[in-house]
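Trainee: could you look at this predicted model? Sequence included:
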Amino acid sequence: MYIFAENTNLMQIHFIAIGGSAMHNLALALQYKGYTITGSDDVIFEPSRSRLKAKNLLPQAFGWFPDKIHTGLDAVILGMHAKPDNPELLRAQHLGVPIFSYPEFLYEQSKNKTRVVIGGSHGKTTITSMILHVLKYHEREVDYMVGAQLEGFERMVHLTDDNDFIVLEGDEYLSSAIDRRPKFHLYRPNIALLSGIAWDHINVFPTFDNYLEQFRIFVDGIVKGGSITYNAEDPNVKKVVEASENPIRKLPYVTPEYEIVDGQTLLKTPEGPMPIEVFGQHNLSNLAGAKWICQNMGIDEDDFYEAIATFKGASKRLEKVIETRASVAYKDFAHAPSKVAATTKAVKEQYPDRKLIACLELHTYSSFNPEFLREYKGALEAADEAVVFYLPESVAIKKLSPVTADQISKAFGRNDLQIFTEAKTFHDFIFNKDYDKSVLLLMSSGDYGGLDFEKMKLELFA
């Protein structure tokens, strides 16, 4: 195993594909820690571009430059965007420079810490964000990696030599082009959480059983004597955790009691009903999981409730983008079937007396697969008006067979489903609606064909 130099200021790390969301945040965190950082990429989008430029880490030219790889490097970190035949990767392999995937390097940085890993098909970013919010509120210093930009946090990654704990969002996607293990297999948690299991990433895990197996491996990889806090209301999670023979503590949680009064969610606590900023059954379940993890980290129940009352949510997770007296618009990262269903239901539950217009952009590889499409049945059932938008060229770029409007309509199980396949017609639909006494919910991991939110604020919700 590779041993890092004791004087971190002398360490030189090169990033292949530095522009990724996770990669550029790790680069910034290591520079802050004192490492010398270089990187390459063939394209870098915002906000990565500006953030790297501000710290003088933006490559002077885009592309791959084997000359950047030399024996003076302590390590190369390889991003998912890089392919196995990347010229810089090939040179690093030829020179014998140590090569790490993103999660592999995080483990190296945290192997002497207590690792808290939050896993699950859905909810992991929100739960990780809740935990970090509570810890920051009470001025508890920890290392962390989270998959969203959080209010009050400069970066999505923070690493030190001093902190005892590290909180890691545990993604089940692959580590790199040459390391096909899911990221969360590499972290070996002392304290773990599993929020839910719903089939995703079918380009990598073509069957549900294959996908489920990744979570079995995750649970079995928890350090002996550690613990798994798990959502006992999810049958797949319950089955995986309770079947594991790993000698760890198994700590179930369920959705806490709550009520909605005049559009305000009230969490029932030992001290009485407490107003909170987030809403929806799935977010209350996330809150319950976060509470138990925080208690495992030394935060008592009363302190947790005090802090969580001020949590407004993670970026792009039920993010309120526009609000007037009679209308409101939310943007959400939801795109997988279980997430779409949970988000749509949550918004309708929060605003039962308003018309819910739910729009989903199909954007990912999985969402265009005819077999996987069937997983969306009922996902938009809670919406009063249901809309699906997708671009046929996105299907073609992914080299998949064309998907028809009829296939989509049947998959969702709604005869009244409105389907748009051109950005202009979808945008016209959005801009010509009357949103009086309505809620607009936009769900996607894309950009809705370049939808202009500033224009919406000025023209529709003024």
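Mentor: Perfect, I can see it now. Numbers count the residues shown, from 1 in each chain.
Trainee: which is the next helix or strand following the lowest-mean-pLDDT helix or strand in the chain?
Mentor: Using mean pLDDT, DSSP states H and E, helix 392-397 stands out as the lowest-scoring helix or strand of the chain, at a mean of 81. Note on helix 392-397: by DSSP states H and E, the next helix or strand toward the C-terminus is helix 405-412.
Trainee: tell me the mean pLDDT over whichever helix or strand comes after that next one?
Mentor: Later in the chain than helix 405-412, the nearest helix or strand by DSSP H and E is strand 418-420. Averaged across strand 418-420, pLDDT comes to 96.
Trainee: same check on stretch 358-374?
Mentor: 86.
Trainee: ok so, going back, and the contacts of the least confident helix or strand of the chain?
Mentor: 362, 363, 368, 401, 402, 403, 421 (Cβ atoms under 8 Å, 6 or more residues apart in numbering). Just so you know, the C-beta spots here come from the backbone N, C-alpha and C atoms, and that holds for glycine as well.
Trainee: ok, and for the lengthiest helix in the chain, which residues are buried?
Mentor: The residue-count maximum for a helix in the chain (DSSP state H) belongs to helix 281-296. Neighbour counts over helix 281-296 (16 or more other Cβ atoms under 10 Å) mark 282-294, 296 as buried.
Trainee: list just the nearest of those to residue 213.
Mentor: Nearest to residue 213 among the buried residues of helix 281-296 is residue 289, at 22.5 Å by Cβ to Cβ.
Trainee: contacts only, for that closest one.
Mentor: 118, 123, 127, 193, 195, 229, 231, 253.
Trainee: now render the residues you listed as a markdown table, adding secondary structure and distance to residue 43.
Mentor: Formatted as a markdown table, the contacts of residue 289 follow (DSSP: H, G, I helix; E, B strand; the rest coil; distance: Cβ to Cβ, whole Å):
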| residue | secondary structure | distance to residue 43 |
| --- | --- | --- |
| 118 | strand | 30 |
| 123 | coil | 31 |
| 127 | helix | 32 |
| 193 | strand | 35 |
| 195 | coil | 33 |
| 229 | strand | 39 |
| 231 | strand | 38 |
| 253 | strand | 42 |
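Trainee: using JSON lines, please lay out the residues you listed together with pLDDT, distance to residue 313 and neighbour count.
Mentor: Formatted as JSON lines, the contacts of residue 289 follow (pLDDT from 0 to 100; distance: Cβ to Cβ, whole Å; neighbours: other Cβ atoms under 10 Å):
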{"residue": "118", "pLDDT": "98", "distance to residue 313": "16", "neighbour count": "32"}
{"residue": "123", "pLDDT": "92", "distance to residue 313": "12", "neighbour count": "27"}
{"residue": "127", "pLDDT": "97", "distance to residue 313": "12", "neighbour count": "30"}
{"residue": "193", "pLDDT": "98", "distance to residue 313": "18", "neighbour count": "30"}
{"residue": "195", "pLDDT": "97", "distance to residue 313": "16", "neighbour count": "25"}
{"residue": "229", "pLDDT": "98", "distance to residue 313": "21", "neighbour count": "27"}
{"residue": "231", "pLDDT": "98", "distance to residue 313": "19", "neighbour count": "27"}
{"residue": "253", "pLDDT": "98", "distance to residue 313": "20", "neighbour count": "21"}
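Trainee: show the average pLDDT along the longest helix of the chain.
Mentor: Helix 281-296 comes out at a mean pLDDT of 96.
Trainee: so for whichever helix or strand comes after that helix, what gets flagged as buried?
Mentor: Sequence-wise, the next helix or strand downstream of helix 281-296 (DSSP H and E) is helix 301-308. Buried residues in helix 301-308, counted by 16+ other Cβ under 10 Å: 303, 304, 305, 306, 307, 308.
Trainee: return the distance of the strand or helix carrying residue 274 from the chain's centre.
Mentor: Using DSSP H and E, residue 274 sits in strand 272-275. Chain-centre distance of strand 272-275: 29 Å, with Cα atoms, centre = their mean, to the nearest Å.
Trainee: where does the stretch 201-350 of the chain have low pLDDT?
Mentor: For the stretch 201-350 of the chain, no stretch is flagged by pLDDT under 70.
Trainee: tell me where it has strands.
Mentor: 227-231, 249-253, 258-261, 264-269, 272-275, 319-323, 327-332 (DSSP state E, counting those that start in this stretch).
Trainee: so which of the contacts of residue 289 comes closest to residue 388?
Mentor: So of those, ranked by how close each gets to residue 388 (Cβ to Cβ), first place is residue 123, at 23.5 Å.
Trainee: the nearest residue to the closest one once chain neighbours are set aside and residue 170: what is the separation?
Mentor: Leaving aside its sequence neighbours, residue 123 sits nearest to residue 195 (Cβ to Cβ, 6 or more residues apart in numbering; 3.8 Å). Distance of residue 195 to residue 170, computed by Cβ to Cβ, to the nearest Å: 10 Å.
Trainee: what touches both of the two?
Mentor: With Cβ under 8 Å, 6+ apart as the test, residue 195 and residue 170 both reach 118, 119, 124.
Trainee: per-domain residue ranges of this structure.
Mentor: 8-97, 105-308, 319-459 (automatic domain parsing).
Trainee: now the longest one, how far from the centre of its chain.
Mentor: Okay, so that is domain 105-308. Using Cα atoms, centre = their mean, the offset of domain 105-308 from its chain centre is 11 Å.
Trainee: and if you look at the first one?
Mentor: Here the centre of mass of C-alpha atoms in domain 8-97, compared against the chain's by Cα atoms, centre = their mean, lies 22 Å away.
Trainee: OK, contacts around residue 89?
Mentor: 16, 76, 78, 82, 99, 177, 178.
Trainee: strands - which of those land there?
Mentor: When DSSP state E defines the strands, the subset of the contacts of residue 89 inside them is 16, 76, 78, 99.
Trainee: turn the residues you listed into CSV, columns for neighbour count.
Mentor: Output for these, formatted as CSV (neighbours: other Cβ atoms under 10 Å):
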residue, neighbour count
16, 25
76, 23
78, 28
99, 21
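Trainee: closest to residue 454 among these?
Mentor: Once Cβ to Cβ is applied, the member of the ones in strands among the contacts of residue 89 that ends up nearest residue 454 is residue 16, at 35.3 Å.
Trainee: from the buried residues of helix 301-308, which two are the most distant?
Mentor: Farthest pair in the buried residues of helix 301-308 (Cβ to Cβ) is 303 and 308. Separation: 9.6 Å.
Trainee: what do these two both touch?
Mentor: With Cβ under 8 Å, 6+ apart as the test, residue 303 and residue 308 both reach residue 134.
Trainee: could I get the contacts of residue 289 as JSON lines with distance to residue 40?
Mentor: Converted to JSON lines, these look like this (distance: Cβ to Cβ, whole Å):
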{"residue": "118", "distance to residue 40": "31"}
{"residue": "123", "distance to residue 40": "34"}
{"residue": "127", "distance to residue 40": "34"}
{"residue": "193", "distance to residue 40": "35"}
{"residue": "195", "distance to residue 40": "35"}
{"residue": "229", "distance to residue 40": "40"}
{"residue": "231", "distance to residue 40": "40"}
{"residue": "253", "distance to residue 40": "43"}
